[in-house]
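> below: sequence and its predicted model.
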Protein chains: 2
Amino acid sequence: MSGTVKKNYVRPLDFKNGHIDMGHGAGGRASAQLIEELFLAAFDNDYLRQGNDGALLSLPPGRMVMATDAHVVSPLFFPGGDIGCLSVHGTINDVAMSGATPLYLSASFILEEGFPLAELKRIVESMAQASREAGVPVVTGDTKVVERGKGDGVFISTTGVGIVPEGVHIDGANARPGDAVFVSGHIGSHGMAIMAQRESLAFETEIVSDTAALHGLVAAMLAAVPRLRVLRDPTRGGLATTLNEIARQSNVGMLLEEKAIPVLPQVDAACELLGLDPLYVANEGKLIVICAEEDAAVLLDAMRAHPLGAHAARIGTVIEDAHGFVQMKTRFGGRRVVDWLSGEQLPRIC
Amino acid sequence: MSGTVKKNYVRPLDFKNGHIDMGHGAGGRASAQLIEELFLAAFDNDYLRQGNDGALLSLPPGRMVMATDAHVVSPLFFPGGDIGCLSVHGTINDVAMSGATPLYLSASFILEEGFPLAELKRIVESMAQASREAGVPVVTGDTKVVERGKGDGVFISTTGVGIVPEGVHIDGANARPGDAVFVSGHIGSHGMAIMAQRESLAFETEIVSDTAALHGLVAAMLAAVPRLRVLRDPTRGGLATTLNEIARQSNVGMLLEEKAIPVLPQVDAACELLGLDPLYVANEGKLIVICAEEDAAVLLDAMRAHPLGAHAARIGTVIEDAHGFVQMKTRFGGRRVVDWLSGEQLPRIC
């Protein structure tokens, strides 16, 4: 975002009726105006105001974590959020899942020619609000424009950096037989909010995306149990796929209790209707955590004391299994293997 | 890039005849296979092999720089490079323009359904080679897939972090009247390589993109003159726009010598043919540097001693000007104002 120094344009951008044109991506005067009147105005911080190609940042000592996510969710606006706040939450969460305190974000936009400036403003302001609420500033960015029909409105890639506190060692490979497995709340809400919108399903109780920044919850959990073993947010592929990833990384199995897994009734109903399994549906404000059995009770209390963990539940136990299978005791008393997601259950969910 | 632990798939990806499908972006088994057989194989480093959502990194003490770029260049392959190496060079250069040593990169891919795996492999391997040559590993990443007609083959967003050495203070606001202005070599080659390819222009001497990582040149320059004032790479908008940005940030004017600005004859000819001004054409392996007059001779020697600065030239002087105008003494002895780029001279050039 160079060239961000205040200057006077012939007229301000028309955020009511204007559209993105190719000039907004060309790096000249129109690009500078878009940066100044939209991005700088919304994200407003000293890092962006440096006006150089990179942002100069201070970083406390410690191990750094870096994570990145491209966001291509469709539709751009959905119950409970939009691509803007989602792109902030998603990357903050990826940083937080290493136990790190997220500190800075970068954002790069790929805009489609003809996209309404009014919608872009709504999205950028939603990002800015999410960033402020999370206390993680967007410090640098980039904007490109592609011709009509070569993109889809807005794509946003965000990258986050953070620092892992002393004594915290979280890794997908740390699960041990006997460990307790938790989820921080109801699963499947993000994916089904998107699907209900796409399919124009109406339920008595609207399904709302759970998109949220989880670093505050993680900090509360680490304050209670610094030696957490595994953290991961079950986004694309859902709870089932994420547990399979962990099982494979740690070379263990898992045994889940179906009836312990929290799912909202309206999400259950929507899944039923569309023939989907909530275990495979994306979440954007939930985490899986694994800890030693002896820490389980303290951890659950700490999670439930935080607003984003109020419905946290223990859903299973890590077991020995050389094949890395995730199994589940069903409501009906049987057992089944919970496999990886195959194919494309829900495209462009995040 | 979670879920990157080795597993056996029914059959390996078909890098000869296969294509990207929506499943490669769904976060399940197909995504994991693409990550493992393509990205992990190409970028091969311990950070990616951690297999968590974020990469855990060590960072020397110092001021951190973070920079990001979305790459949407069209065509994806061009004389002298492709979107893969470009996406590595572009972000390394943005980090280096703060005087920082680039240390780590993240990469996020937005792929269009139906994109040939063979081309994706070529692009990823070009990225990996650029990353190895620069000594800056790609430590974390993300991949999304959009439906046919909602993207354009491949978009790549890269983010880089680096550390600024002690005693280095580079900023677009540091130019002072009397300072010397240099460019590191011939301008306009990247943009005209792309344009010649798009317009199917053939010249006796092919125009080749100058895409290159400039951090080695910057290090050599800082070793000779640690107190450099301004560094910036004249990408989109070209030399003219970048100098205007600096003039505005530093609240100074500039006086350029047209005959001192290095342009290759074939680039000049192509510009003439297409009615373009090389001053506004994008570069991807050139930098502008401004230093105190007393450091000018030492700096020019240091630049010319480096392969990427062999054709470095002093092109002008910083002058006092409350209006921040960039002026140029033309070949014919006149003077003209060199304005910002207006509108869209060259869409999707990087």
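Perfect, I can see it now. Just so it is clear, the structure is predicted and the values come from calculations on it, not from any experiment. Numbers count the residues shown, from 1 in each chain, chains lettered A, B, ... in the order given.

> hmm, residue A:224 and residue A:301 touching each other?
Yes: in this structure residue A:301 lies within contact range of residue A:224 using Cβ atoms under 8 Å: 7.3 Å. All C-beta atoms are positioned from the backbone trio N, CA, C, and that covers glycine.

> residue A:254: what secondary structure?
For residue A:254, the assignment made with DSSP: H, G, I helix; E, B strand; the rest coil gives strand.

> need the nearest residue in space to it, chain neighbours excluded.
Distances taken as Cβ to Cβ, 6 or more residues apart in numbering or on different chains place residue A:326 nearest to residue A:254, at 4.6 Å, with adjacent residues excluded.

> and the gap between the residue positioned nearest the centre of chain A and residue A:64?
By Cα atoms, centre = their mean, chain A has its centre lying nearest to residue A:90, at 2.1 Å. Distance, residue A:90 to residue A:64, by Cβ to Cβ, to the nearest Å: 19 Å.

> cool, residue A:212 as well?
As judged by Cβ to Cβ, residue A:212 and residue A:64 stand 24 Å apart.

> report the buried residues of stretch A:61-69.
Within stretch A:61-69, the residues scored as buried using 16 or more other Cβ atoms under 10 Å in any protein chain shown are A:62-69.

> just the ones in strands from those, please.
Of the positions in the buried residues of stretch A:61-69, A:63-69 sit in strands, assigned by DSSP state E.

> among the residues you listed, which pair sits farthest apart?
Put simply, by Cβ to Cβ the two of these set farthest apart are A:63 and A:69, 20.5 Å from each other.

> for residue A:350, which three-state class applies?
coil.

> ok, residue A:173 - how many residues close by?
By the measure other Cβ atoms under 10 Å in any protein chain shown, the count of residues near residue A:173 is 16.

> for it, phi and psi?
Phi and psi for residue A:173, reported as degrees, to the nearest 10, are phi -90, psi 10.

> thought it was touching residue A:250?
Yes: using Cβ under 8 Å, residue A:173 is in contact with residue A:250, at 5.2 Å.

> picking up where we left off before, you'd agree the residue nearest to residue A:254 is up against residue A:253?
Yes: assessed by Cβ under 8 Å, residue A:326 is found in contact with residue A:253 at 6.8 Å.

> overlap in contacts, these two.
Residues touching both residue A:326 and residue A:253 by Cβ atoms under 8 Å, 6 or more residues apart in numbering or on different chains: residue A:247.

> okay, residue A:342: pLDDT?
Predicted confidence (pLDDT) for residue A:342: 77.

> contact partners for it?
Counting by Cβ under 8 Å, 6+ apart, the residues that residue A:342 touches are B:23, B:28-30.

> and chain A, which of the residues you listed reach it?
B:23, B:28-30 (Cβ under 8 Å from any Cβ of the partner chain).

> now those in a markdown table, with secondary structure, neighbour count and pLDDT?
Shown next, in a markdown table, are those (DSSP: H, G, I helix; E, B strand; the rest coil; neighbours: other Cβ atoms under 10 Å in any protein chain shown; pLDDT from 0 to 100):
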| residue | secondary structure | neighbour count | pLDDT |
| --- | --- | --- | --- |
| B:23 | helix | 21 | 90 |
| B:28 | coil | 25 | 84 |
| B:29 | helix | 21 | 87 |
| B:30 | helix | 23 | 90 |
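
> from the residues you listed, pick the one nearest chain A.
Distances from chain A to these, taken as Cβ to the nearest Cβ, are shortest for residue B:28 (3.0 Å).

> straight-line length of stretch A:57-65, end to end?
The first and final residues of stretch A:57-65 sit 15 Å from each other (Cα to Cα, to the nearest Å).

> can you show me the strands along the stretch 101-250 of chain A?
A:101-112, A:138-146, A:154-164, A:180-183, A:230-232 (DSSP state E, counting those that start in this stretch).

> dump those into TSV; add distance to residue B:36 and mean neighbour count as well.
Converted to TSV, the strands of the stretch 101-250 of chain A look like this (distance: least, Cβ to Cβ, whole Å; neighbours: other Cβ atoms under 10 Å in any protein chain shown):
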stretch	distance to residue B:36	mean neighbour count
strand A:101-112	26	26
strand A:138-146	29	27
strand A:154-164	22	28
strand A:180-183	25	24
strand A:230-232	18	26
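
> to residue A:314, which of those strands lies closest?
Nearest to residue A:314, of all these, is strand A:180-183, at 5.3 Å by Cβ to Cβ.

> give the pairing partners of the closest one; include direction for each.
Using DSSP bridges, strand A:180-183 pairs in its sheet with strand A:288-291 (antiparallel), strand A:313-319 (antiparallel).

> as CSV, the ones you listed with mean pLDDT and mean neighbour count would be great.
Converted to CSV, these look like this (pLDDT from 0 to 100; neighbours: other Cβ atoms under 10 Å in any protein chain shown):
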stretch, mean pLDDT, mean neighbour count
strand A:288-291, 98, 25
strand A:313-319, 98, 21
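
> before we move on, the earlier item: and the residue nearest to residue A:254, what is it in contact with?
A:240, A:243-244, A:247, A:253-254, A:256, A:337-339.

> farthest pair within the residues you listed?
Maximum pairwise distance in the contacts of residue A:326, criterion Cβ to Cβ, is 13.7 Å, between A:240 and A:253.

> neighbour count for those two, which is higher?
Set residue A:240 next to residue A:253 and count neighbours by other Cβ under 10 Å: residue A:240 wins out with 23 against 20.

> beta-bridge partners for residue A:319, please?
Assessed by DSSP bridges, residue A:319 has beta-bridge partners residue A:253.

> with adjacent residues omitted, what lies nearest to residue A:282?
residue A:191 is the one closest to residue A:282 (Cβ to Cβ, 6+ apart), at 4.0 Å.

> in terms of pLDDT, where does that neighbour sit?
pLDDT, read off for residue A:191, is 96.

> contact partners for residue A:52?
By Cβ under 8 Å, 6+ apart, residue A:52 lies in contact with A:2, B:97-98, B:171-172, B:232.

> where is pLDDT lowest across those residues?
pLDDT across the contacts of residue A:52 is lowest for residue A:2, at 43.

> distance between stretch A:249-268 and the chain's centre?
Its chain's average C-alpha position is 19 Å from that of stretch A:249-268, according to Cα atoms, centre = their mean, to the nearest Å.

> measure that stretch end to end?
Distance between the two ends of stretch A:249-268: 30 Å, counting by Cα to Cα.

> go on, stretch A:133-147?
From its first residue to its last, stretch A:133-147 covers 34 Å (Cα to Cα).

> that stretch near chain B anywhere?
Yes: if you take Cβ under 8 Å from any Cβ as the test, stretch A:133-147 does meet chain B, through A:139-147.

> equivalent analysis for stretch A:206-219, please.
No: Stretch A:206-219 does not reach chain B (Cβ under 8 Å from any Cβ); its nearest approach is 11.7 Å.

> no more questions from me, cheers.
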